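Q: Got a sequence here, can you model it:
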Amino acid sequence: MDKISILGLILGIAAILGGQVLEGGHVASLAQPTALLIVLGGTVGAVMLQSPYAIFVRGVRMVGWVWVPPAVDYRQVIRQITGWSHLSRREGLLALEGAMGQISDDFARKGLQLLVDGAEPERLREVLEVDIGTYERELKMAARIWEAAGGYSPTIGILGAVLGLIHVMENLSDPAKLGAGIAVAFVATIYGVGLANLVFLPMSNKLKAHIGRLVSRREMLVDGLVGIANGDNPRIIESRLQGYLF
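A: Now for the predicted structure:
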């Protein structure tokens, strides 16, 4: 569980509500279902319009990473690659074929298969880097739907404000209805700007950080496998991979 994400969201919301109370306002005045419907519905609709179905669904599923990040154990990867390196030096590259059955990661299995098949180091790197590029591009496209939501949300909030003001203008003769219309107008703007800067944009950046970690893991595998293909000493390979740790 990523506790800092939860704490950050709670702190941001608490600061806004606390400021409202300190200014003498009421928290209940910020609860406007109509404004929330306009902002959320309009934002989601705009994001759906710009995104292919598969990318949109993947981006929605990736939200879980904000709270429970994907596990990336760099040290375990180093131990694994070092073990392969020792095995290949003792018994040859063909001995790595037996290790493939113990690997659940398709990318690592593909790299080992290329290694066992005798691919040249540069060809091995070239093939795997194409996979990395595609993998990174697809994940970033999914994460960008939240960046897009952060761009649309304030504008939809302004649209909600305009709709609220139109409602006010239509009911100038009925003072009892003016308050609700003005509330929707201003609260819609708050929702639009608040969701963009407290939720959507931070979520997008957090997802991009996790994508960077996943890509670094694959780059480690490529460096290690190329080192094995070159016949580098296991200690040299391990030392080079240590540079990925931070």
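
Q: any idea which residue sits dead centre in this protein?
A: Leu207 (1.8 Å; Cα atoms, centre = their mean).

Q: how near is it to Leu201?
A: As defined by Cβ to Cβ, to the nearest Å, Leu207 lies at a distance of 11 Å from Leu201. Yep, even glycine has a C-beta here, placed from its N, CA and C like the rest.

Q: Gly19: neighbour count?
A: 10 (other Cβ atoms under 10 Å).

Q: Read off the pLDDT value for it.
A: On the pLDDT scale, Gly19 is placed at 82.

Q: and it, what helix or strand is that in?
A: helix 3-22 (DSSP states H and E).

Q: now Tyr191: how far from Thr34?
A: Taken as Cβ to Cβ, the span from Tyr191 to Thr34 is 10 Å.

Q: about what we covered before: downstream neighbour of the helix holding Gly19 in the secondary structure list?
A: In N-to-C order, the element after helix 3-22 by DSSP H and E is helix 33-50.

Q: what residues are shared contacts of Leu207 and Leu201?
A: Trp146 (Cβ atoms under 8 Å, 6 or more residues apart in numbering).

Q: ranges for the strands of the protein?
A: In the chain, no strands are defined using DSSP state E.

Q: how about the helices in it?
A: Using DSSP state H, the helices of the chain run over 3-22, 33-50, 53-61, 64-67, 74-91, 106-116, 121-170, 178-195, 201-230, 234-241.

Q: and the longest one, what does it pack onto?
A: Helices and strands touching helix 121-170, by 3 or more Cβ pairs under 8 Å, 6 or more residues apart in numbering; DSSP states H and E, are helix 33-50, helix 53-61, helix 106-116, helix 178-195, helix 201-230.

Q: about what we covered before: which of Tyr191 and Thr34 has more neighbours?
A: Remark: of Tyr191 and Thr34, Tyr191 carries more neighbours, 25 against 17, as counted by other Cβ under 10 Å.

Q: Excluding chain neighbours, give the residue nearest to the more buried one in space.
A: The spatial neighbour of Tyr191 that comes closest, neighbours along the chain excluded (Cβ to Cβ, 6 or more residues apart in numbering), is Val39 at 4.4 Å.

Q: ok, now Leu207?
A: The nearest residue in space to Leu207 (Cβ to Cβ, 6+ apart) is Ala143, at 3.9 Å.

Q: which ones are touching Ile81?
A: By Cβ under 8 Å, 6+ apart, the contact set of Ile81 is 220-221, 224-225, 227-228, 237-238, 241.

Q: need those residues in CSV with distance to Glu126, can you?
A: Rendered in CSV, the data for the contacts of Ile81 read as follows (distance: Cβ to Cβ, whole Å):
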residue, distance to Glu126
Met220, 17
Leu221, 15
Gly224, 16
Leu225, 12
Gly227, 16
Ile228, 16
Ile237, 19
Glu238, 24
Leu241, 20
